[in-house]
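Chemist: No letters, just coordinates:
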């Protein structure tokens, strides 16, 4: 199983960034894919989750971030718009069963990517 993130980098507050998560080694359509982030000194937190029933977002990113999935490419994207300094951190994609009520817990996923750094300058 592999999940490989890309697209991180430096962005100015108010700008946009798109993260990608390419997956392999499991049946893509059978799993939810979530995006998590971890800022220095803080716990890892769920940002968004996508499964075949729909999508979920953490409150602070609603209306700014959009998660989408390309089944043919086995890839999940996180479009980040109107980025804020508090969005900075390492972003991870992770696979779990479904985007259930516990989707945002870092204990929920079964497999993780290596992470991609997002830096936001004000």
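Modeler: Yep, that arrived. Just so you know, these numbers come straight off a predicted model, no measurement behind them.
Chemist: Quick check: beta-bridge partners of the most centrally placed residue in the chain?
Modeler: When Cα atoms, centre = their mean is applied to the chain, the residue found nearest the centroid is residue 35 (2.0 Å). On DSSP bridges, the residues paired with residue 35 through beta bridges are residue 48, residue 93.
Chemist: Confirm for me that it is in contact with residue 47.
Modeler: Yes - look at residue 35 against residue 47 with Cβ atoms under 8 Å: they come within range, at 4.5 Å. (Glycine included, C-beta is placed from N, CA and C.)
Chemist: what do these two both touch?
Modeler: Contact criterion Cβ atoms under 8 Å, 6 or more residues apart in numbering; residues shared by residue 35 and residue 47: 78, 91.
Chemist: Name the nearest residue to residue 64, sequence neighbours excluded.
Modeler: Sequence neighbours aside, residue 82 is the residue nearest to residue 64 in space, at 4.6 Å (criterion: Cβ to Cβ, 6 or more residues apart in numbering).
Chemist: Report the contact partners of the one you found.
Modeler: 14, 16, 64.
Chemist: Show the pLDDT at the last one.
Modeler: Per-residue confidence (pLDDT) for residue 64: 98.
Chemist: how far away is it from residue 83?
Modeler: Relative to residue 83, residue 64 is positioned 8 Å away (Cβ to Cβ, to the nearest Å).
Chemist: Next, the contact list for residue 20, please.
Modeler: Residue 20 makes contact with 5, 6, 7, 75, 76, 77, according to Cβ under 8 Å, 6+ apart.
Chemist: how about 6 Å then?
Modeler: Residue 20 is in contact with 6, 7, 75, 77, counting by Cβ atoms under 6 Å, 6 or more residues apart in numbering.
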